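*Asks:* Okay, sequence plus prediction incoming.
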Amino acid sequence: MAIGSYQRDLGRAENVFWLKYLLSSQSAIMWMCVLTLLSTLFYWVGVLKQSHAATWSNLGTKLAWSAVTMALIATMVRWHESHLLGLDIGHIPVSNLYEVFVLFVWMTTLFYLYYETHYKDQQHIRSLGAFVMLVISAAVGFIVWYSLDRGAHEIQPLVPALKSWWMKLHVPANFVGYGTFSLAAMVAYAYLLKSNVGAQSKIRLGALWFGGFVLFMIFLGPVALRGKTIAVLGLTFKPNTDDMREAPSLSIVQALRDAGATIRAYDPEGMEHAKLLMPDIVFCPSAYEAAEGATATALITEWDEFKSLDFARLRKVVASPMFVDLRNVSPPR
């Protein structure tokens, strides 16, 4: 119905009532967000309210299914909208950070709903929904922020780094893993709370609640990257080459840029090719200049010169001494 209502004219999204307020991709995504938050609320009311707990939790389940439905509608409509903008712009809607977060929301919710249905005879199974939907609501919070603050809901041509089929498979596959991990983490957290609910130690209970807060904030990490400077050391897919094909830096840098970070990068040989694929980052003539003022420094390609970095010198120029060695080549410190 939504796709047919466009009649090959994207402008109808502003003129047709059900497209503007319900079935255009952005409207459907916003409905997904609202329904997810309401689902979380009703699940928690079911946990905390003694009377009619099953009724509240059942409402949470129905709202979760509704959120998944709106997310799937949004995904299909967004695919159609991207092709209406132009054949060179059209792309499968799992190709950037905004779209894969929508994927994360509906897929993780479906994972949970499957287990809720499969174990429906187990007492209090729906209580887990309150915990699982918390992390999904965190993703919703990111989507809303990313849309309102960064304008990420607007369909744009893909940067070259995201046009390969490898990236279209690799990035969604990662988010399937993130979704199942988030589900397992929140179920485990709920189990720990239940196991210690009678504990006399306030320190233990306090630590558990604090741990849950930390989990929640880690998930919201991309929001915290806004305005931060990240130094990237190594851009090519392996050392001793200038080849950028399938380089992990492409997806890492794009994700950091999407989250609002400024990237300062250095690579001994690959910067000329990298400039064509990543025109919106700062290229520096040395690792130490790349690290100037950086909140974090990430080593992505294991060039020999990075194995002998002067960390005392590096520490003097960075804003924060956080060093992420993705290749395990620097000495333990």
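*Replies:* Yep, that arrived.
*Asks:* how much space is there between Arg245 and Ala152?
*Replies:* Arg245 sits 27 Å away from Ala152, taking CB to CB, to the nearest Å as the criterion. No exception for glycine: its C-beta is placed from N, CA and C like everyone else's.
*Asks:* next one: Met107
*Replies:* 19 Å.
*Asks:* Please identify the helix or strand for Met32.
*Replies:* helix 25-48 (DSSP states H and E).
*Asks:* Could you report the neighbour count for the closest residue to Pro248 other than its chain neighbours?
*Replies:* Counting by CB to CB, 6 or more residues apart in numbering, Pro248 lies nearest to Ile300, which is 6.1 Å off, once chain neighbours are set aside. Other residues within reach of Ile300, judged by other CB atoms under 10 Å, total 23.
*Asks:* what sits against Asp267?
*Replies:* 233-236, 274, 301, 303 (CB atoms under 8 Å, 6 or more residues apart in numbering).
*Asks:* Show the contacting residues for the closest residue to it other than its chain neighbours.
*Replies:* Nearest residue to Asp267 in three dimensions, chain neighbours excluded: Leu235, at 4.0 Å (CB to CB, 6+ apart). By CB under 8 Å, 6+ apart, the contact set of Leu235 is 244, 247, 249, 253, 265, 267, 270-271, 274, 278, 300-301.
*Asks:* Give me the distance between Leu235 and Tyr114.
*Replies:* Separation of Leu235 from Tyr114 (CB to CB): 40 Å.
*Asks:* just Lys194 next, same as before
*Replies:* 22 Å.
*Asks:* Could you do Leu256 as well?
*Replies:* Taking CB to CB, one finds Leu256 at 33 Å from Tyr114.
*Asks:* ok, Leu85 touching Ile155?
*Replies:* Yes: under the criterion of CB atoms under 8 Å, Leu85 makes contact with Ile155 at 5.9 Å.
*Asks:* Spell out which residues are contacts of both of these two.
*Replies:* With contacts defined as CB under 8 Å, 6+ apart, no residue is shared by Leu85 and Ile155.
*Asks:* who has more neighbours, these two?
*Replies:* Comparing Leu85 with Ile155 by other CB under 10 Å, the one with more neighbours is Ile155, at 24 against 13.
*Asks:* The chain: helices as residue ranges?
*Replies:* 2-6, 17-18, 25-48, 53-85, 97-118, 127-150, 165-195, 202-219, 221-224, 248-258, 271-277, 287-290, 311-317 (DSSP state H).
*Asks:* Could you name the stretch from those that's closest to Leu326?
*Replies:* helix 248-258 (7.7 Å; CB to CB).
*Asks:* May I have that closest one as CSV, with CA atoms only?
*Replies:* Written as CSV, here are the backbone C-alpha positions of helix 248-258 (Å, rounded to 0.1, in the frame of the first residue of the first chain):
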residue,chain,number,x,y,z
PRO,A,248,38.9,-2.6,7.9
SER,A,249,39.6,1.1,8.4
LEU,A,250,36.8,1.9,5.8
SER,A,251,34.0,0.6,8.0
ILE,A,252,35.6,1.7,11.3
VAL,A,253,36.2,5.3,10.1
GLN,A,254,32.7,5.6,8.6
ALA,A,255,31.1,4.4,11.8
LEU,A,256,33.1,6.9,13.8
ARG,A,257,32.2,9.7,11.4
ASP,A,258,28.6,8.7,11.5
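*Asks:* Low-confidence ranges, the stretch 101-250 of the chain, go.
*Replies:* 123, 158-163, 196-225 (pLDDT under 70).
*Asks:* rerun that using 90 as the cut-off
*Replies:* 118-131, 134-135, 138-139, 141-142, 145-228, 237, 245-250 (pLDDT under 90).
*Asks:* before we move on, back to that, tell me who's in contact with the residue nearest to Pro248.
*Replies:* Ile300 makes contacts with 232-235, 248-249, 252, 326-327, as judged by CB under 8 Å, 6+ apart.
*Asks:* go with 7 Å
*Replies:* Residues in contact with Ile300 (CB atoms under 7 Å, 6 or more residues apart in numbering) are 232-235, 248-249, 252, 326.
*Asks:* ditto for Lys275
*Replies:* Contacts of Lys275 were listed using CB under 7 Å, 6+ apart, and they are Phe283.
*Asks:* Report pLDDT for it.
*Replies:* What the model reports as pLDDT for Lys275 is 92.
*Asks:* Show me which of Arg245 and Ala152 is the more surrounded one.
*Replies:* Ala152 (19 against 12).
*Asks:* excluding its backbone neighbours, what's nearest that one?
*Replies:* Nearest residue to Ala152 in three dimensions, chain neighbours excluded: Tyr98, at 4.0 Å (CB to CB, 6+ apart).
*Asks:* measure Tyr155 to Gly4 for me?
*Replies:* Careful, residue 155 is Ile; it's not Tyr. 19 Å.
*Asks:* What of Thr75?
*Replies:* 17 Å.
*Asks:* Of the two, give the one with the bigger neighbour count.
*Replies:* The neighbour count for Thr75 versus Gly4, taken as other CB under 10 Å, is higher for Thr75 (20 against 7).
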